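Participant: When you get a sec, could you give me coordinates for this:
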Amino acid sequence: MKLCKLLLITLPLFLFACAESVSRNPNSRILAMGDSLLATNQLTGQSITDTVEKKLGVKVIDRSVMGARILYGLPISGSLGLNITKQYRPSEWDWVILNGGGNDLWLGCGCILCDRKMNRLIAKDGSKGEIPKLVSKIRKSGAQVIYVGYLRSPGVASFIDHCRNEGNELESRIDAFANTDEGVHFLSLKELVPNKDRSFHAPDMIHPSVKASKTIGALIAEIIQP
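Facilitator: A predicted model of the protein is given here:
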């Protein structure tokens, strides 16, 4: 059963956050953690993880939350899911689907301290930072990790175009880190959207459309299936 709460975050808006609870002995062996990339289309049952469930025929525990960050300092709302690192719950997971970092750069650095924020997320060589720290913690449990990158909007303007270079750099570092561990799989979405194709995005040109959620979910299922 999903626990849904209205969360007030640092921006003057409310986010409706739904994070599934984890029982002591969940039937699922797949956990999903992250931000709106995963959480979008949850309420209609057409999110990325809903597609993974349908493709694999297994339950996925989805604890992703709209607006969540890797670096998040507020304790109460952070514990309710806006801190991605706190979405994790120990269990006998086989796979963890994970994304994050975009909100830290777009909302968290104010276009001033991006280099410092980037290095806190993950060092240039991928050797340290909060993202490698989180992934390494999950890997110690024995689970494999699929780190999902972000959608692009080639040929179409969006509100986050000014963060394009930072996003590319973030994913380049994550990819380098993933290459050091065969149990970490980086799924890039950089080339997923054809030029000037709006069908992969919601009207805001930031979040995934239902079509994109289904496409990305199918890609994740292909990684897990073998």
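Participant: List the residues that contact the most centrally placed residue in the chain.
Facilitator: By Cα atoms, centre = their mean, the chain has its centre lying nearest to Asn99, at 2.2 Å. Contact analysis of Asn99 by Cβ atoms under 8 Å, 6 or more residues apart in numbering lists 33-35, 37-38, 64, 147-150. Just so you know, the C-beta spots here come from the backbone N, C-alpha and C atoms, and that holds for glycine as well.
Participant: Among those residues, which are located in strands?
Facilitator: Counting by DSSP state E, those place 33, 147-148 in strands.
Participant: which secondary element of the protein has the worst mean pLDDT?
Facilitator: Ranked by mean pLDDT, DSSP states H and E, the weakest helix or strand in the chain is strand 2-8, scoring a mean of 38.
Participant: thinking again about what came up before, any idea which of the ones in strands among the contacts of Asn99 has the most stuff around it?
Facilitator: Within the ones in strands among the contacts of Asn99, neighbour counts (other Cβ atoms under 10 Å) peak at Met33, which reaches 27 neighbours.
Participant: which one of the ones in strands among the contacts of Asn99 is nearest Glu171?
Facilitator: For these, the residue nearest Glu171 by Cβ to Cβ is Tyr147; the value is 9.0 Å.
Participant: show me where this protein has strands.
Facilitator: 2-8, 14-20, 30-33, 60-62, 95-98, 144-148, 184-187.
Participant: Lowest average confidence across those strands, which one?
Facilitator: Here the strands of the chain differ in mean pLDDT, and the lowest is strand 2-8 at a mean of 38.
Participant: Mind pulling the model confidence for Val22?
Facilitator: 69.
Participant: should've said Glu191
Facilitator: At Glu191, pLDDT is 96.
Participant: how about it, what does it touch?
Facilitator: For Glu191, the contact set (Cβ under 8 Å, 6+ apart) is empty.
Participant: Need phi/psi at Gly73.
Facilitator: phi -100, psi -20 (degrees, to the nearest 10).
Participant: Residue ranges in this structure under the pLDDT threshold?
Facilitator: The model of the chain has pLDDT under 70 over residues 1-19, 22-26, 107-113, 159-162.
Participant: so how far is Leu31 from Thr79?
Facilitator: Quick fix: residue 79 reads Ser, not Thr. 17 Å (Cβ to Cβ, to the nearest Å).
Participant: now do Thr215
Facilitator: According to Cβ to Cβ, Thr215 and Leu31 sit 21 Å apart.
Participant: CA atoms of stretch 60-75 as CSV?
Facilitator: Only the C-alpha atoms of stretch 60-75 are listed here, as CSV (Å, rounded to 0.1, in the frame of the first residue of the first chain):
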residue,chain,number,x,y,z
VAL,A,60,8.5,-3.8,-7.9
ILE,A,61,8.5,-1.7,-4.7
ASP,A,62,8.6,1.9,-6.0
ARG,A,63,9.8,4.5,-3.4
SER,A,64,10.6,7.3,-5.8
VAL,A,65,9.2,10.7,-5.0
MET,A,66,8.7,13.8,-7.1
GLY,A,67,11.3,16.5,-6.4
ALA,A,68,13.6,14.2,-4.5
ARG,A,69,17.3,15.0,-4.3
ILE,A,70,20.5,13.1,-3.5
LEU,A,71,21.7,16.0,-1.2
TYR,A,72,18.8,17.0,1.0
GLY,A,73,19.1,18.5,4.5
LEU,A,74,15.6,18.7,5.9
PRO,A,75,15.1,15.7,8.2
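Participant: Thanks again, I'm all set now.
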